[in-house]
Structure formats: C-alpha cells, structure tokens
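Chemist: turn this into a model:
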Amino acid sequence: MKHPIDPKVDCVFKALLGSEENRDLLIHFLNAFLAEELTEPLVWVEILNPYNDKEFISDKLSVVDVKAKDKHERLYQIEIQLSSYGHLPARILYNWADIYSQQLKSGHDYAELKPTYSIWLLAENLIKDDLQTAHHYKMRDELGKTLNAHGGIWLLELDKFHTNLIESEDQRWLKFFNEAEKLDDNALPDWMNTLQMRQAMNTLTVFSEKERQYFQYQARQEYLRQQRTIQKEQLAVQKELEQKELALLQTTQELTQTTQELTQTTQELTQTTQELTQTTQELAQTTQELAQERQEKQAAFIEIERLKALLSQKK
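Modeler: Sure thing, here's the model as predicted:
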C-alpha cells in the first residue's frame with residue numbers, strides 16, 4: 001500500500017463492515033463471532049446505517065457503529081472503541097438497551113421484541129483482571145440460567161490477542177484488526193489468504209491509494225487524536241480534582257477528629273474545674289468547722305480557768 005491504513009480508525013472500520021459493497025464481509029464477521037449463538041449461519045443482512053464516504057468528510061462524530069438486521073428481524077450492532085474510560089461499561093450496556101427497546105413502536109407488544117447482538121472491538125483493555133480476549137455478557141441468574149435468549153454483549157479486547165496460529169475465523173478477524181496496518185498488500189501472509197481477508201485488504205488499499213479517501217482517513221485520524229488528547233486531559237483534570245477532594249475530605253475528617261478531641265478535652269477540663277470547685281468548697285467548709293471547733297475549745301479553756309480561779313478564792 002502507498003500509505004499504511006489502520007482498520008481501527010472509524011471511517012475505515014465502517015467502510016469495512018458497513019458499506020453495501022462489503023455486505024458479505026459483515027455477514028462473515030457476524031458468523032465468525034456469533035456462530036455458537038445463532039441456530040444457523042447468516043446468509044443475508046440489511047445494513048441499517050450504511051457507510052457514506054461523503055458524509056465523513058465533514059462529520060465530526062467520534063462514535064461510529066454498524067447496525068444491521070437479518071431476515072428474522074434480529075438486530076446487530078458492531079462498534080470500534082479506541083480508548084477505554086471508567087464509564088464505558090455503562091455506555092455499552094445503555095447502547096444495547098437503547099437498540100433493543102427502540103424495536104417497540106406505538107401499539108406493539110413485548111412478543112415482537114427480537115434478539116439484539118452488540119459486538120464491541122476495544123483497542124484498549126477494559127477488563128484488567130482477565131487475560132481472555134473475548135467476553136460474552138447475557139441476562140442470567142447466579143446459577144447461569146438465562147432469563148431470555150435475546151442476544152447479549154460481546155467485548156473483544158484486541159490488545160490481549162497475540163495468537164500467531166489462526167484456527168478460526170474470529171481469530172482471523174482479530175489478527176486483521178491488530179496487524180493489517182503493517183501488512184504489504186502485494187505480499188500477504190498465509191493467514192490472510194482467504195476471499196474475505198483479501199476483500200478487507202482491498203478496502204484498506206482504497207483508503208491508501210485514492211486521494212479523497214486518504215484525505216478522509218487522515219482527517220479522521222487527526223480528529224480522533226485530538227479527541228483522545230482532550231479526553232486524557234479531562235481525565236487528568238478529573239483525577240487531580242478527585243485527589244484534591246480526597247485531600248480536602250481527609251483534612252475535614254482530621255479537623256473533625258481534632259474538634260471532637262478538643263471538645264472532649266474541654267468537657268474533661270470543665271469536669272475537673274467543677275471537681276476543684278467542689279473540693280474548694282469542701283475545704284472552706286472544713287476550715288469553718290475547724291475554726292468553730294477551735295473557738296469552742298478556747299471558750300471551754302477560758303471557762304475552766306475561771307472555775308479554777310473561783311476554787312482558789314474559796315480556799
């Protein structure tokens with residue numbers, strides 16, 4: 001290729017799986033990842049939001065997915081996500097629920113709801129404590145019993161996929177998204193030697209060779225780069241604010257504890273003062289009693305001396 005093209009850039013991704021001329025690629029992709037879920041392989045789908053290269057030139061949307069439905073009215077959503085963040089799981093679940101719930105129009109009942117399958121390709125790891133590449137989420141209870149068979153969410157973490165020996169079509173697609181940017185379309189490796197992979201590589205070649213498509217690719221890359229930079233800066237600011245809030249909370253807790261200790265010390269001092277006051281009062285009362293006793297003894301002594309003097313006169 002004249003220029004390396006990353007299939008994870010949203011405009012390329014949607015051209016690969018969301019354009020009418022690549023409808024068979026979309027069918028192959030869905031069959032690769034949903035083979036165990038579907039009762040029979042897909043042979044036809046309708047792309048609900050087909051790719052239009054002219055729209056992408058001026059489009060500033062950073063979220064680009066592919067939506068489709070099959071002959072049984074089952075719904076499919078495929079999305080590429082280049083960066084991971086804290087609220088991404090909530091967004092993934094919300095998107096699935098939104099697509100699932102939008103099936104019901106006025107006058108429809110729940111029996112008309114069809115399974116909805118959401119597949120997310122993640123360039124950055126989301127699940128940190130698991131080395132598995134693929135994660136399937138469905139509505140089940142704690143015993144693994146399914147509430148209903150209405151699809152689910154598939155997360156594919158590309159950064160965890162490092163297999164060299166390709167044994168299945170889903171692995172082939174994962175390797176393609178990881179390594180296609182580095183491949184030479186004139187000397188493709190053996191694992192790329194399939195009809196679907198050559199067709200996918202041709203889509204990348206169009207972006208590489210045609211001026212308009214390459215301009216579009218560069219513009220999207222620059223926009224996504226800016227968005228990731230802004231997001232990282234926002235996350236950095238948010239983290240700094242959280243750290244300041246945590247420090248402020250800790251200081252507040254320390255001040256509260258100090259205030260409680262001061263209050264307790266004040267109460268102890270007040271109690272000690274009250275005890276000292278009571279002791280002083282008791283000492284004053286004791287002093288008065290001793291003074292009165294002394295006076296009484298002195299009066300008794302004077303009386304004794306007077307009586308002695310009277311006895312001496314009578315003799």
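Chemist: other residues contacting stretch 286-297?
Modeler: The contact list for stretch 286-297, computed with C-beta atoms under 8 Å, 6 or more residues apart in numbering, is empty. For glycine as for every other residue, the C-beta is placed from the backbone atoms N, C-alpha and C.
Chemist: give me the mean pLDDT for it.
Modeler: Throughout stretch 286-297, pLDDT has a mean value of 91.
Chemist: for stretch 208-219, same thing?
Modeler: Averaging pLDDT along stretch 208-219 gives 72.
Chemist: output the below-cut-off pLDDT ranges for this protein.
Modeler: Counting by pLDDT under 70, the chain shows low-confidence ranges at 54-63, 211-212, 214-215, 226, 315.
Chemist: report the contact partners of residue 127.
Modeler: Going by C-beta under 8 Å, 6+ apart, residue 127 touches 135, 155, 157.
Chemist: list the buried residues in stretch 20-28.
Modeler: By neighbour count on 16 or more other C-beta atoms under 10 Å, the buried set for stretch 20-28 is 22-23, 25-28.
Chemist: what's in contact with it?
Modeler: Stretch 20-28 is contacted from outside by 15-18, 42-45, 47, 50-51, 66, 68, 78, 169, 196, 199-200, 203, using C-beta under 8 Å, 6+ apart.
Chemist: again, but for stretch 186-195
Modeler: Stretch 186-195 is contacted by residues 166, 172, 175-176, 183, 197-198, 201 when judged by C-beta under 8 Å, 6+ apart.
Chemist: what about 6 Å?
Modeler: Residues from elsewhere that reach stretch 186-195, judged by C-beta atoms under 6 Å, 6 or more residues apart in numbering: residue 166.
Chemist: tell me the buried residues in that stretch?
Modeler: So for stretch 186-195, counting by 16+ other C-beta under 10 Å, buried means 191-192.
Chemist: tell me the one of the contacts of residue 127 nearest residue 114?
Modeler: Set against residue 114, the nearest of those by C-beta to C-beta is residue 155 (21.7 Å).
Chemist: list the contacts for the closest one?
Modeler: 120, 135.
Chemist: just the element for the residue nearest the centre of the chain, please.
Modeler: Centrality entry for the chain: nearest residue to the mean C-alpha point is residue 86, 2.4 Å, by C-alpha atoms, centre = their mean. Taking DSSP states H and E as the definition, residue 86 sits outside all helices and strands.
Chemist: for it, give its distance to residue 128.
Modeler: Residue 86 sits at a distance of 12 Å from residue 128 (criterion: C-beta to C-beta, to the nearest Å).
Chemist: re the thing from before, show me which of the buried residues of stretch 20-28 is closest to residue 218.
Modeler: Among the buried residues of stretch 20-28, and counting by C-beta to C-beta, the member closest to residue 218 is residue 22, at 21.4 Å.
Chemist: which phi and psi does that closest one have?
Modeler: phi -110, psi 30 (degrees, to the nearest 10).
Chemist: residue 151 now?
Modeler: Torsion angles, degrees, to the nearest 10, at residue 151: phi 90, psi -150.
Chemist: just residue 117 next, same as before
Modeler: When read as degrees, to the nearest 10, the backbone of residue 117 gives phi -110, psi 120.
Chemist: these two touch, right, it and residue 75?
Modeler: No. In this structure, residue 117 is not within contact of residue 75 by C-beta atoms under 6 Å, at 7.1 Å.
Chemist: circling back to that earlier point, just the ones in helices from the buried residues of stretch 20-28, please.
Modeler: Among the buried residues of stretch 20-28, the ones falling in helices (DSSP state H) are 23, 25-28.
Chemist: so which of those comes closest to residue 253?
Modeler: Comparing those against residue 253 with C-beta to C-beta places residue 26 closest, at 55.4 Å.
Chemist: now that closest one: how far from residue 154?
Modeler: 15 Å.
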